[in-house]
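Asker: Give me the fold of what follows.
(one chain, ligands or ions: 2)
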Amino acid sequence: MSSAAATHSDPYEYQPGFGNHFSSEALPGALPVGQNTPQVCPYGLYAEQLSGTAFTRTWLYRIHPAVMAQALSSRSSPASTRLSIPESEPLDFVTGLRTIGGAGDTALKSGLAVHIYTATQSMDKRAFCNSDGDLLIVPQQGRLDVQTEFGPIMVAPNEIAVIQRGIRFSVGLPDGPSRGYILEVYDNHFELPDLGPIGANGLANPRDFQTPTAKYEHTSDSMGDRQQQDHSPFDVVAWHGNYAPYKYDLANFNVINSVSYDHIDPSIFTVLTCKSAHPGTAVADFVVFPPRFEVQQHTFRPPYFHRNCMSEFMGLIHGEYEAKKGGFLPGGASLHSMMTPHGPDAKTVENATTRDLLPGRVADNTMAFMFESMFQLRVTKWAVEHKQRDHDYYKAWQNIPITFNPDQI
Ligand SMILES: O=C(O)Cc1cc(O)ccc1O
Ligand SMILES: [Fe+2]
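Answerer: Ligands and ions are numbered 1, 2, ... in the order given. The predicted model follows:
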């Protein structure tokens, strides 16, 4: 931490070098030693991560998390909402589909979209085929009985289904009114993440993915969406190949995490990824926050405060999300756009900084998820103006205790 020679016109101190890992303290001992996210930071500061890319990031130790400044402005940009099912409206999976936002261009096969569906009716003699991209469907309420050209898939809340570009399907609602979330990617297919040093097993294991078996319908009823036809599109009697829909039960996710100290980047919870052409970045990652043990010592265990170079769309399938217990409801959704400060709410902070760090569970019976993208999502007018948008979301961070004490050390 040497300083470059100050000239008379420049009174400030600097750290020399280009692209180094720098570090700087305005008060001695303000940087935590040997870890990024202590349970309580020196001087009562808060840890906040600012990421520039997957490979460039800096930890800031500050008096107020950046989200508090934003909370003061009436134009707070993190957005949160809860979706209700319009029970009296006859909507099926396709007519009940609404787009929250997206980026890119289907014509160039580049980008993604985030949708939600609320449906009250099964698709009746109607089939759907998406030519734009692959769909990752996350039911939140009600099973989906998905008839595909490859055979049927029954997908329940806490399971996901992937239906790729061009595959015809029709959705029945065996449990009545249903809702859920959809991630659509235009570029590539979803893949399992590279496991790197994790090795051969862990996270979502290949054996737990389930692809349907052939089942055909031989009818002469008319069926079709924009296209009419006098027979069922589900008349495939046999098939083989490596392009087929599948489902996956999130309860099978083999959770890997820190068993010593510090909060790990949530990329460790990636179920599926749609890679971009740039190493280390994804068109979209599908990430889950499952029930698990938490054992990290001398650590602030919940998600840390951060400003991310990726866009984060989150939903909750059931239970409570660890960073906003009670403040984020099943069927809700939040969007923290690129570089928008966010983090745990005031209650979570208070508990996490004062609790005994005994080994314990991160809430049982919970499943939150995140669609995380390298792209900046443009939000639709429909979503921005939705009457259930939570305009009080910023209040989650208003009462974070300011614990800074410069005389502490
Ligand atoms: O914002 C969130 O709640 C998602 C999230 C979780 C986590 O454990 C670390 C970073 C992150 O963005
Ligand atoms: Fe986040």
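
Asker: Which residues are in contact with the closest residue to ligand 1 within the stretch 251-400 of the chain?
Answerer: Per Cβ to the nearest ligand atom, residue 303 is where the stretch 251-400 of the chain lies closest to ligand 1, at 3.3 Å. (Glycine included, C-beta is placed from N, CA and C.) Counting by Cβ atoms under 8 Å, 6 or more residues apart in numbering, residue 303 touches 263, 266, 322-323, 343-344.

Asker: any chance of those residues in TSV, plus neighbour count and distance to ligand 1?
Answerer: Listed next are the contacts of residue 303 as TSV, based on neighbours: other Cβ atoms under 10 Å; distance: Cβ to the nearest ligand atom, whole Å:
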residue	neighbour count	distance to ligand 1
263	21	6
266	17	4
322	20	8
323	22	5
343	26	7
344	27	8
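
Asker: So, low pLDDT: which residues of the stretch 101-250 of the chain?
Answerer: Within the stretch 101-250 of the chain, the segments meeting pLDDT under 70 span 221-226.

Asker: Strands of that one, start to end?
Answerer: 110-119, 128-129, 134-141, 144-148, 151-155, 159-163, 168-172, 178-185, 209-210, 246-249 (DSSP state E, counting those that start in this stretch).

Asker: Adding distance to residue 288 as columns, could you present those strands in TSV?
Answerer: TSV is the format used below for the strands of the stretch 101-250 of the chain (distance: least, Cβ to Cβ, whole Å):
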stretch	distance to residue 288
strand 110-119	16
strand 128-129	26
strand 134-141	9
strand 144-148	18
strand 151-155	15
strand 159-163	9
strand 168-172	23
strand 178-185	12
strand 209-210	15
strand 246-249	10
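
Asker: so can I have JSON lines of those showing distance to residue 337 and mean neighbour count?
Answerer: Converted to JSON lines, those look like this (distance: least, Cβ to Cβ, whole Å; neighbours: other Cβ atoms under 10 Å):
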{"stretch": "strand 110-119", "distance to residue 337": "12", "mean neighbour count": "23"}
{"stretch": "strand 128-129", "distance to residue 337": "29", "mean neighbour count": "18"}
{"stretch": "strand 134-141", "distance to residue 337": "20", "mean neighbour count": "23"}
{"stretch": "strand 144-148", "distance to residue 337": "29", "mean neighbour count": "22"}
{"stretch": "strand 151-155", "distance to residue 337": "29", "mean neighbour count": "19"}
{"stretch": "strand 159-163", "distance to residue 337": "24", "mean neighbour count": "25"}
{"stretch": "strand 168-172", "distance to residue 337": "30", "mean neighbour count": "24"}
{"stretch": "strand 178-185", "distance to residue 337": "16", "mean neighbour count": "26"}
{"stretch": "strand 209-210", "distance to residue 337": "31", "mean neighbour count": "16"}
{"stretch": "strand 246-249", "distance to residue 337": "28", "mean neighbour count": "19"}
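
Asker: Compare the ones you listed and give me the one nearest residue 64.
Answerer: Checking the strands of the stretch 101-250 of the chain against residue 64 by Cβ to Cβ gives strand 110-119 as the closest, at 30.5 Å.

Asker: Walk me through which strands that closest one pairs with, and which way each runs.
Answerer: strand 97-105 (antiparallel), strand 178-185 (antiparallel) (DSSP bridges).

Asker: I'd like the distance from the longest helix seen in the chain to the chain centre, please.
Answerer: Assignment by DSSP state H gives helix 346-354 as the longest helix of the chain. Helix 346-354 sits 23 Å away from the centroid of its parent chain (Cα atoms, centre = their mean, to the nearest Å).

Asker: Show me what counts as buried in that helix.
Answerer: Within helix 346-354, the residues scored as buried using 16 or more other Cβ atoms under 10 Å are 346-349, 352-353.

Asker: which among the residues you listed gets closest to residue 111?
Answerer: Closest to residue 111, out of all of those and judged by Cβ to Cβ, is residue 348, at 33.1 Å.

Asker: For this protein, what lies in contact range of ligand 1?
Answerer: Where proximity means Cβ under 6 Å from any ligand atom, the interface of the chain facing ligand 1 comprises 266, 303, 306, 308, 312, 323, 342, 370.

Asker: Residue 68: which of those is nearest?
Answerer: Closest to residue 68, out of all of the residues of the chain next to ligand 1 and judged by Cβ to Cβ, is residue 342, at 10.9 Å.

Asker: and that closest one, how many neighbours?
Answerer: Using other Cβ atoms under 10 Å, residue 342 has 28 neighbouring residues.

Asker: How about the one 3 residues further on?
Answerer: Around residue 345 sit 24 other residues, with neighbours defined as other Cβ under 10 Å.

Asker: pLDDT value on it, please?
Answerer: You'll see residue 345 listed with a pLDDT of 96.

Asker: How much space separates it from residue 369?
Answerer: 19 Å (Cβ to Cβ, to the nearest Å).

Asker: quick one: residue 356 and residue 301, what's the gap?
Answerer: Taken as Cβ to Cβ, the span from residue 356 to residue 301 is 11 Å.
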